[in-house]
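**Student:** next input, structure requested:
(chains A and B)
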Amino acid sequence: MALWQPDPSFYPSPRMAAKAAKETLAYVASFDPDRKKPDAIAVVDVDPKSPSYSRIVGQVDMPNAGDELHHFGWNACSSCLCPNAPHPHMERRYLVVPGLRSSRLHIIDTKPDPKNPKIVRVIEPEEIAEKAGYSRLHTTHCGPEGIYVNALGNAEGKAPGGIFLLDPVSFDVLGQWEMDRGPQKLAYDFWWHLGHDTMVTSEWGTPDTFENGLVPEILLGSKYGRRLHFWDLHKRKHLQEIDFGEEHQLVFELRPAHDPTKAYGFVGCVISLKDLSASIWTWYREGDKWAVKKVIEIPAEPADPDLLPPVLKGFKAVAPLVTDIDLSMDDRFLYVSCWGTGDMIQYDVSDPFSPKETGRVRIGGIVSRATHAKATNGALNGGPQMVEISRDGKRVYFTNSLYGPIDPQFYPEGIDGWMVKLHVGENGGITFDENFFVDWPKGHRPHQVRLEGGDCSSDSYCYP
Amino acid sequence: MNSVSPWLVLAGLGAFHGLNPAMGWLFAVALGLHRKSRKIVLMSLAPIAIGHTVSIAVVAVVVVALGFFVDQRPLEIAAGVLLIGWAIYHMAYGHRHRVRIGMQTGMAGLGVWSFLMASAHGAGLMLVPVLIPLCLSGSPAQELTAAGSLPIALAAVGTHMAAMLAVILAIAISVYEWLGLSFLRRGWINLDLIWTAALVITGLILIM
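**Tutor:** Predicted structure coming up:
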């Protein structure tokens, strides 16, 4: 199990990671919204030289139906090289794959045949509830104390949601991460600044407020999450809460700068109750506290109510619904998925307080239904959602489904899954790879994408 | 053991401990890179060496103290068993430690970190086969006394520290100034395996 030399996919710094070889495979969470047949991790060929390029070349089915596979991650990554807690001879080999609805955790071995991964361990929800006190597992990260998994609900499916630790070798559940959670109740995403000993967490809602779709009264009452929480990563103690205010709802994906000396990051806010706009905020260090500033606002687009789903008809506009963002390894480009309008926008965020739009493509969208050169159906539904960037920053992949119960609220006729790829210009600019379009097998929808060897949201680094 | 000077062995083990990135030189380099300062690299080596030495000294003092109450042979066997047990523990649970000190640490935190790392790795225990004959060999003519043993024990610890400090200084500066960190990707061989083997071998030397 232990290697003689560090895993070749571990890099001390993001600068070195950006020189990594091109990925040839992508792992994609694939779920059945009807919860009838098992979800799967699909293996997609992303090597342009391969005859099976842009096709699903392997798949591992879960042992049960109804997990709702969503986000997932690796057992070990570049943070294993950190000087304060070095474990350099771990192997990046296992995918840690939670079920958001089932709270079941799957450990999937991607070796010896990366195209034919196998489930090696399943941890049942009862064990996680008993040992960690959590349910509704969401995001995972490899980090200094092992594998961190967060959960949106406690064992009873209520607040607080939080984080628990898994042993990175045996995959045993070690227990709840928080030692002092302060006022934090809601959970959504989490990540950290290894260089600043800081954990950041964001907020969605308790499972009863989203498992049957978004509840309009809760949304309009500003009762979904709207806060960021900052923690001491090593004392596991809550330090600070920042409230974005009543207007802002659903503070989602956290993308801290990869360079560990930089103390800033970006978070997307899905919707403003004032005008349905979406926004991107920068969090940053100000004195001995953390602060936030809204740096991007993406307006809603006026639309013919006849073309809108019931939830938007009264507003006569399409909300952009920014539901995922991703930051390139060099911290230069931020990609913003507008799941409502169908835009994928690229911003130059070299100055994190003054982003400049450098590229935009449109595909799908509630009203626009924009198509792709390789799509047979001329009107695509769903919109840009989970986005992943290659380590060298030259390729961007994304899929089109958000979450089983929410998909039909905005795309009432259902979502036909697809996965696409963008080429990134030398100084920004994005264009579709016209040869890459995965028409997702009917009955399943794709969600998060993980790239072979690591990507821009899988690894964290201790050296600049 | 008689063929090699025990002082040379102590210095050799100091060099071996210093070589291991997990014992601190890498942390010093990282802090220097974060704060863009060679001075920080150099300053960090002091608490790292002190923390390591305190961990070693605790073992040395315990060995000397036990030497007054326990015969040398049972002490050797007990220490040998402890070493092998430590190796097994290190192998099974070494990855599971709480991480208490991060990149924002000050010099005091770094010293605590180094003490905890050396202790968890059983660095002091590895010296026991040298410490027992060196500190507890009251010849028949000369009775074993605290006044006689303690200075020798301290000299042993000092020798170990000097060698360790020399090695971490040389590596930290070379890496910070010239080599850079990319060599870690291939060059960071699994010293933990060698380390665990060293613990087992030391334990066997004591028992046999």
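**Student:** pick out the residue nearest the middle of chain B.
**Tutor:** B:Ala123 (3.7 Å; Cα atoms, centre = their mean).
**Student:** does that residue touch B:Met23 like I think?
**Tutor:** Yes: at 7.4 Å, B:Ala123 and B:Met23 qualify as touching, with contact defined as Cβ atoms under 8 Å. Every C-beta, even on glycine, is put in place using the N, C-alpha and C of the backbone.
**Student:** quick check, pLDDT for the residue nearest to the centre of chain B.
**Tutor:** With respect to pLDDT, B:Ala123 has a value of 94.
**Student:** hmm, back to that, which residues are common contacts for B:Ala123 and B:Met23?
**Tutor:** Residues touching both B:Ala123 and B:Met23 by Cβ atoms under 8 Å, 6 or more residues apart in numbering or on different chains: B:17, B:52.
**Student:** hang on, the earlier thing: in which helix or strand does the closest residue to the residue nearest to the centre of chain B other than its chain neighbours reside?
**Tutor:** In space, and not counting its chain neighbours, B:Ala123 is closest to B:His17: 5.5 Å by Cβ to Cβ, 6 or more residues apart in numbering or on different chains. Element membership for B:His17 (DSSP states H and E) is helix B:6-19.
**Student:** what about that helix, distance to the chain center?
**Tutor:** Its chain's average C-alpha position is 8 Å from that of helix B:6-19, according to Cα atoms, centre = their mean, to the nearest Å.
**Student:** show me what from chain B comes close to chain A.
**Tutor:** Residues of chain B lying near chain A by Cβ under 8 Å from any Cβ of the partner chain: B:21-22, B:26-27, B:29-30, B:33-34, B:95-105, B:113, B:181-182, B:184-190, B:192-193.
**Student:** in the stretch 151-300 of chain A, what residue comes closest to chain B?
**Tutor:** Per Cβ to the nearest Cβ, A:Asp197 is where the stretch 151-300 of chain A lies closest to chain B, at 3.6 Å.
**Student:** show me the contacts for that residue.
**Tutor:** Per Cβ under 8 Å, 6+ apart, neighbours of A:Asp197: A:232-234, B:102-104.
**Student:** from the residues you listed, which two are the most distant?
**Tutor:** A:Asp232 and B:Met103 (12.5 Å; Cβ to Cβ).
**Student:** distance of B:Tyr93 from A:Val424?
**Tutor:** The gap separating B:Tyr93 from A:Val424 is 44 Å, by Cβ to Cβ, to the nearest Å.
**Student:** cool, and A:Ile363?
**Tutor:** According to Cβ to Cβ, A:Ile363 stands 16 Å off from A:Val424.
**Student:** number of residues surrounding A:Pro112?
**Tutor:** 8 (other Cβ atoms under 10 Å in any protein chain shown).
**Student:** how about it, secondary structure?
**Tutor:** Three-state assignment for A:Pro112 (DSSP: H, G, I helix; E, B strand; the rest coil): coil.
**Student:** go ahead and confirm A:Lys111 touches A:Arg92.
**Tutor:** No: with contacts counted by Cβ under 8 Å, A:Lys111 stays clear of A:Arg92, the gap being 9.6 Å.
**Student:** ok, the two, which is more surrounded?
**Tutor:** A side-by-side neighbour count of A:Lys111 and A:Arg92, using other Cβ under 10 Å, places A:Arg92 first with 23 against 12.
**Student:** by contact count, what packs against the longest helix that chain B contains?
**Tutor:** Secondary structure of chain B per DSSP state H: the longest helix is helix B:38-69. Counting contacts by 3 or more Cβ pairs under 8 Å, 6 or more residues apart in numbering or on different chains; DSSP states H and E, helix B:38-69 is packed against helix B:25-34, helix B:72-93, helix B:107-120, helix B:128-136, helix B:146-174.
**Student:** the same query, at a cut-off of 10 Å, please.
**Tutor:** Applying 3 or more Cβ pairs under 10 Å, 6 or more residues apart in numbering or on different chains; DSSP states H and E, one finds that helix B:38-69 contacts helix B:6-19, helix B:25-34, helix B:72-93, helix B:107-120, helix B:128-136, helix B:146-174.
**Student:** quick one: average pLDDT of it?
**Tutor:** 95.
**Student:** how far does it sit from the chain's center?
**Tutor:** On Cα atoms, centre = their mean, the centre of helix B:38-69 falls 8 Å from the chain's centre.
**Student:** buried residues in that helix, which are they?
**Tutor:** B:40-41, B:43-45, B:47-57, B:59-61, B:63-64, B:66-67 (16 or more other Cβ atoms under 10 Å in any protein chain shown).
**Student:** now the angle from that helix to helix B:128-136?
**Tutor:** Helix B:38-69 and helix B:128-136 are oriented at 60 degrees to each other (axes from the mean of the first three to the mean of the last three Cα atoms, to 10 degrees).
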